[in-house]
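S.K.: Structural data only, the sequence is not supplied:
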């Protein structure tokens with residue numbers, strides 16, 4: 001990940017933190033900014049803290065996956081086909097846990113203003129998004145789950161823009177963060193978790209903290225629409 005992307009990831013994570021405390025406190029002032037900075041710092045530093053979730057028994061897993069290999073002076077990604085069975089250790093990073101819980105809390109609080117017809121629309125959009133992220137992700141052996149960043153960011157920004165214009169900017173963007181993050185969680189991570197049996201036999205969801213797709217894609221699309229809408 002280059003320096004520009006890292007900078008955008010950190011700015012978007014802080015913007016999300018600011019949104020969370022603005023909602024929780026009901027106002028934007030000095031204390032809100034300070035608490036937002038503390039939350040942002042926590043997310044930056046807690047990505048390496050892993051919470052054990054489950055140990056899954058995979059009776060059989062096979063298929064195409066990708067492997068990073070060395071070629072002389074550089075590296076290359078090649079497609080291989082493997083099959084295996086056994087146990088997979090599943091972890092969730094502390095940063096991802098806090099991000100998902102707070103995103104869901106704020107989303108539920110704002111969704112109470114919506115009518116019943118909007119819930120059906122959001123459920124359908126969430127299902128479509130989950131399928132999109134599932135088919136745009138791959139497992140890199142001994143590296144982890146990888147999602148096509150460009151297509152994922154374009155899609156999540158489109159979803160965020162649609163919700164911002166259909167429900168209003170603040171309400172729509174708040175729901176878009178939760179919708180995109182949970183769609184990525186299910187589509188990219190939970191539906192791909194058994195592929196870890198083909199590599200390291202353990203997987204950490206959100207292990208890269210603010211740079212992980214489950215945090216980076218929703219917050220970066222939120223920042224993009226917030227600045228451009």
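M.R.: In hand now; what should we look at? None of the values given here were measured: they were computed from a predicted structure. Numbers count the residues shown, from 1 in each chain.
S.K.: all strands in this structure, in order from the N-terminus.
M.R.: 50-71, 74-93, 137-141, 144-147, 202-205 (DSSP state E).
S.K.: where along the protein do the helices fall?
M.R.: 3-25, 30-45, 94-111, 116-134, 149-167, 169-184, 213-228 (DSSP state H).
S.K.: what about the last one, average pLDDT?
M.R.: It stands for helix 213-228. Mean pLDDT, computed over helix 213-228, is 92.
S.K.: Determine how far it lies from the middle of the whole chain.
M.R.: How far helix 213-228 lies from its chain's middle: 10 Å, per C-alpha atoms, centre = their mean, to the nearest Å.
S.K.: for it, packing partners?
M.R.: helix 3-25, helix 94-111, helix 149-167, helix 169-184 (3 or more C-beta pairs under 8 Å, 6 or more residues apart in numbering; DSSP states H and E). To be clear about C-beta, it is placed using only N, CA and C from the backbone, and glycine gets the same treatment.
S.K.: Swap in 10 Å and give it another go.
M.R.: Helix 213-228 sits against helix 3-25, strand 74-93, helix 94-111, helix 116-134, strand 144-147, helix 149-167, helix 169-184, with contacts defined as 3 or more C-beta pairs under 10 Å, 6 or more residues apart in numbering; DSSP states H and E.
S.K.: which residues of the chain score low on pLDDT?
M.R.: For the chain, residues meeting the criterion pLDDT under 70 lie at 1, 60-85, 141-143, 197-200, 229.
S.K.: if we go to 90?
M.R.: Scanning the chain for pLDDT under 90 picks out 1-8, 19, 22-32, 47-48, 53-90, 106-121, 136-150, 166-172, 188-210, 226-229.
S.K.: if we can go back for a sec, save the helices of the chain as JSON lines, and put in distance to residue 54 and mean neighbour count too.
M.R.: Putting the helices of the chain into JSON lines (distance: least, C-beta to C-beta, whole Å; neighbours: other C-beta atoms under 10 Å) gives the following:
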{"stretch": "helix 3-25", "distance to residue 54": "27", "mean neighbour count": "18"}
{"stretch": "helix 30-45", "distance to residue 54": "23", "mean neighbour count": "16"}
{"stretch": "helix 94-111", "distance to residue 54": "14", "mean neighbour count": "19"}
{"stretch": "helix 116-134", "distance to residue 54": "20", "mean neighbour count": "15"}
{"stretch": "helix 149-167", "distance to residue 54": "25", "mean neighbour count": "18"}
{"stretch": "helix 169-184", "distance to residue 54": "18", "mean neighbour count": "24"}
{"stretch": "helix 213-228", "distance to residue 54": "17", "mean neighbour count": "23"}
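S.K.: Out of those helices, the one nearest residue 195 is which?
M.R.: helix 116-134 (11.8 Å; C-beta to C-beta).
S.K.: residues contacting residue 53?
M.R.: By C-beta atoms under 10 Å, 6 or more residues apart in numbering, the contact list for residue 53 reads 89, 90, 91, 92, 97, 193, 203, 204, 205.
S.K.: Name all residues that make contact with residue 54.
M.R.: Contacts of residue 54 (C-beta under 10 Å, 6+ apart): 88, 89, 90, 91, 92, 193.
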